[in-house]
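Trainee: A predicted structure for the sequence below; I have some questions about it.
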Amino acid sequence: MRRVMLGLAAITIVAVACSPKSSSSSPAASGTDACSVANLHLYAPGKLTIATGNPAYSPWYGGKSVPGSDWKSSSYTGDPHTGKGYESAFAYALAQQMGFTKDQVDWLGIPFGKSFAPGPKNFDFAMQQISITAKRAQAVDFSDGYYNVNQALIADNGSRAIGVTTLAGLKNLKLGAPVGTTSLDVIQQEVQPTVEPGVYPDLQPGAVRPRVPEGEPARSVRGSGDRRAEDERHAAAAPEHVAPDGRERSGLHVSAAPRAR
């Protein structure tokens, strides 16, 4: 497993690659602003539809639920509509750079796996602590990473995992992680436990102990030979150039900042 190293990367560039709606635009039309909201290829015209999980966990999302929202806030969850929390604030800052007002941003709750699953999408991009992997990149376009993350182990007080400092020490413990995550990959490929790990659609507090989360501060567990894996990066994931009607999607290629689940 990897040493815990969370580093907030400074946002240095927010860019959108866009193009006119039609490749047969007239010379007069070619002088228009291809990056204006009106000329972007969006899932819903005039709206920026951003997908994330529901519930939306802190510190990525925060604030109290706004009236009419599908997201319920608690001591460990927030509402993306508030603009509070790292990803919510980043999403609204990105939307502003693209020319959208706050009321032109729509949020859509989706399962984590849908954010990078192949096939048509009903959103413009997903911002859901998604780690960049080669396999996921075959189905979606990733922005530049915007947050450095690493794997960690979290356990309740009194757990047999407390004090474990090697992967070998975890082999006989019951571990758990959400389905489709790189955390589950770490359990299965690096820890290789003798006890079948718990696999959950979304890991709720108390579901299993201990657990392996992505991007949360916790104690480090080292592998044999002090081996370290590559740091992971969180990024926004956008559908791979395909609009809802099946046409090539030439607009809305978001590029964020250095590094990030």
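Mentor: Ah, there it is. Numbers count the residues shown, from 1 in each chain.
Trainee: following the one helix or strand Q129 maps to, which helix or strand comes up?
Mentor: Secondary structure here is read from DSSP states H and E; on that basis Q129 sits in strand 125-131. Along the chain past strand 125-131, the next helix or strand (assigned with DSSP H and E) turns out to be strand 140-142.
Trainee: Can you get me a residue count around Y76?
Mentor: Residues contacting Y76 under the criterion other C-beta atoms under 10 Å number 11. The C-beta positions use only the backbone N, C-alpha and C, and glycine is treated the same way.
Trainee: separation between it and P59?
Mentor: In this view, Y76 and P59 are 10 Å apart by C-beta to C-beta, to the nearest Å.
Trainee: T77 now?
Mentor: Between T77 and P59 the distance is 11 Å, computed by C-beta to C-beta.
Trainee: Between the two, tell me which one has more neighbours.
Mentor: Between T77 and P59, T77 has the larger neighbour count (other C-beta under 10 Å), namely 19 against 13.
Trainee: Neighbours of the closest residue to that one other than its chain neighbours, how many?
Mentor: In this structure, T77 finds its nearest non-sequential neighbour in P55, 4.2 Å apart by C-beta to C-beta, 6 or more residues apart in numbering. Burial measure for P55: 19 neighbouring residues, criterion other C-beta under 10 Å.
Trainee: Unless I'm misreading it, P55 sits right up against D70, doesn't it?
Mentor: No. P55 lies out of contact with D70 (C-beta atoms under 8 Å); the separation is 10.0 Å.
Trainee: This structure: helices as residue ranges?
Mentor: 86-98, 182-186 (DSSP state H).
Trainee: okay if I get those as a markdown table plus distance to N150, mean neighbour count and mean pLDDT?
Mentor: Output for the helices of the chain, formatted as a markdown table (distance: least, C-beta to C-beta, whole Å; neighbours: other C-beta atoms under 10 Å; pLDDT from 0 to 100):
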| stretch | distance to N150 | mean neighbour count | mean pLDDT |
| --- | --- | --- | --- |
| helix 86-98 | 16 | 20 | 95 |
| helix 182-186 | 10 | 21 | 87 |
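Trainee: Which one of those helices lies nearest to A152?
Mentor: Closest to A152 of the helices of the chain, according to C-beta to C-beta: helix 182-186, at 9.1 Å.
Trainee: helices or strands next to the closest one in the packing?
Mentor: Counting contacts by 3 or more C-beta pairs under 8 Å, 6 or more residues apart in numbering; DSSP states H and E, helix 182-186 packs against strand 176-178.
Trainee: So, low pLDDT: which residues of this protein?
Mentor: By pLDDT under 70, the low-scoring segments of the chain are 1-32, 202-234, 236-261.
Trainee: measure E87 to Y147 for me?
Mentor: 9 Å.
Trainee: and for these two, which residues touch both?
Mentor: Between them, E87 and Y147 have Q129 as joint contacts when contacts are counted by C-beta atoms under 8 Å, 6 or more residues apart in numbering.
Trainee: Many thanks, we can stop here.
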